[in-house]
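Visitor: need a 3D model of the sequence below.
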Amino acid sequence: MDLIASLQCADQPGIVHAMTSAVLSCGGNIIENQQFTDTTTNTFVMRTRFETSQDLNAAKKSLSDGLGKFSPALHIRPTDEKPRALILVTKESHCLRDLMYLLELGELPIEIPLVISNREDLQSLVESHGIPFLYLPVTAATKAEQEKVMLAKIAELKIDFVVLARYMQILSKEFCAAMPGKIINIHHSFLPGFKGAKPYHQAHDRGVKIIGATAHFVTSDLDEGPIIEQDVAHVNHAATPEEMIARGRDIERRVLARAVKLFAEDRIFIVGQRTVIFS
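Guide: Modelled structure (predicted):
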């Protein structure tokens with residue numbers, strides 16, 4: 001069996017040797033290993049891919065027994081087990097289209113059991129890819145009830161993480177608390193001073209020279225969660241707002257897809273307010 005083990009704990013002497021010994025104790029062979037110690041928080045993280053003759057439960061016990069004294073947060077899963085993602089959208093389709101395209105190509109190791117939207121605009125697109133679509137309109141008065149339905153779907157479908165593919169609604173603190181470190185958003189970055197409507201038009205008016213996008217984890221603090229992935233493009237005075245929007249869409253879809261793939265492959269560790277990401 002091919003497994004991925006993700007480990008996070010306080011940095012302590014002997015942790016690397018203990019992990020190696022634990023893998024060997026279950027008849028394992030390490031295929032890939034990456035580790036990092038964050039000196040600011042004294043946090044140790046490790047991602048290990050290994051083969052073992054044991055089944056999943058036996059391998060979990062071997063690693064838990066061997067690492068118990070370090071009190072780690074330990075997650076182990078079969079490499080071929082694809083995380084299940086709930087996609088939330090509104091009416092912009094570029095990020096959603098890219099995720100579904102990469103999924104069909106076999107380049108994105110996830111499953112998408114459901115797409116939920118507060119608009120009906122993208123229903124035919126989603127269903128044309130054979131993915132169920134759920135329309136959940138939302139107002140200030142119905143927001144709490146709408147989120148209860150979404151959380152029920154997350155439990156029912158055994159969703160591992162949520163992707164906001166240009167979902168133009170702010171999630172409540174309660175919803176964020178129910179999925180800590182498991183909600184990924186895409187945001188137009190490098191335009192930090194341009195909030196509200198038409199950020200690219202505002203940026204054009206101010207003559208910006210760089211536009212970009214940031215994928216980050218969602219927290220109760222709006223657009224303040226740990227950053228996963230970023231990219232930029234240079235523009236000049238000749239770029240129109242429409243051209244900037246087009247380039248921004250391209251960056252957004254690429255950055256979000258990379259972030260989703262990193263999460264799906266267990267390559268992201270949240271350490272304090274930032275992330276450690278193994279390539």
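Visitor: helices of the stretch 1-150 of the chain, start to end?
Guide: 15-25, 56-67, 94-105, 123-128, 143-156 (DSSP state H, counting those that start in this stretch).
Visitor: any chance of the ones you listed in JSON lines, with mean pLDDT and distance to Ala239 too?
Guide: In short, each C-beta sits where N, CA and C put it, glycine included. Listed next are the helices of the stretch 1-150 of the chain as JSON lines, based on pLDDT from 0 to 100; distance: least, C-beta to C-beta, whole Å:
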{"stretch": "helix 15-25", "mean pLDDT": "94", "distance to Ala239": "49"}
{"stretch": "helix 56-67", "mean pLDDT": "95", "distance to Ala239": "52"}
{"stretch": "helix 94-105", "mean pLDDT": "97", "distance to Ala239": "18"}
{"stretch": "helix 123-128", "mean pLDDT": "98", "distance to Ala239": "28"}
{"stretch": "helix 143-156", "mean pLDDT": "97", "distance to Ala239": "37"}
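Visitor: for Val276, which of the ones you listed is the nearest?
Guide: helix 15-25 (15.2 Å; C-beta to C-beta).
Visitor: hmm, who's touching that closest one?
Guide: Contacts to helix 15-25, defined as C-beta atoms under 8 Å, 6 or more residues apart in numbering, come from residues 5, 7, 9, 29-30, 35, 44, 46, 48, 50, 52, 62-63, 65-67, 69-70, 72.
Visitor: re earlier: and of the helices of the stretch 1-150 of the chain, who's closest to Met1?
Guide: Across the helices of the stretch 1-150 of the chain, closest to Met1 is helix 56-67 (C-beta to C-beta), at 6.6 Å.
Visitor: show me what that closest one is packed up against.
Guide: Packing contacts for helix 56-67, counted by 3 or more C-beta pairs under 8 Å, 6 or more residues apart in numbering; DSSP states H and E, involve strand 2-10, helix 15-25, strand 73-78.
Visitor: start to end distance for stretch 67-78?
Guide: 19 Å (C-alpha to C-alpha, to the nearest Å).
Visitor: quick one: Arg267 and Val276 touch, right?
Guide: No. In this structure Arg267 lies outside contact range of Val276 using C-beta atoms under 8 Å: 9.2 Å.
Visitor: still on that earlier bit, mind giving me the PyMOL select for the contacts of helix 15-25, buried ones only?
Guide: Per 16 or more other C-beta atoms under 10 Å, the buried members of the contacts of helix 15-25 correspond to this PyMOL selection:
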select buried, resi 5+7+9+44+46+48+50+52+62+63+66+67+70+72
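Visitor: who's sitting farthest from the centroid in the protein?
Guide: For the chain, the residue at maximal distance from the C-alpha centroid (C-alpha atoms, centre = their mean) is Ala238, at 34.8 Å.
Visitor: now it: which helix or strand?
Guide: Applying DSSP states H and E as the criterion places Ala238 outside every helix and strand.
Visitor: tabulate the CA atom coordinates of the helix or strand of the chain with the lowest mean pLDDT in CSV.
Guide: The least trusted helix or strand in the chain, going by mean pLDDT, DSSP states H and E, turns out to be helix 199-206, with a mean of 80. This file holds the C-alpha atoms of helix 199-206, laid out as CSV (Å, rounded to 0.1, in the frame of the first residue of the first chain):
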residue,chain,number,x,y,z
PRO,A,199,-11.2,46.7,-8.3
TYR,A,200,-9.5,46.5,-11.7
HIS,A,201,-11.1,49.8,-12.8
GLN,A,202,-9.8,51.4,-9.6
ALA,A,203,-6.4,49.9,-10.2
HIS,A,204,-6.4,51.3,-13.8
ASP,A,205,-7.3,54.7,-12.5
ARG,A,206,-4.3,54.6,-10.2
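Visitor: pLDDT value on the residue farthest from the centre of the chain, please?
Guide: We note a pLDDT of 91 for Ala238 in this prediction.
Visitor: now swap in Leu222 and tell me
Guide: For Leu222, pLDDT reads 73.
Visitor: which ones are touching it?
Guide: Ile170.
Visitor: do the one 3 residues further on as well
Guide: Contact analysis of Gly225 by C-beta under 8 Å, 6+ apart lists 185, 216-219.
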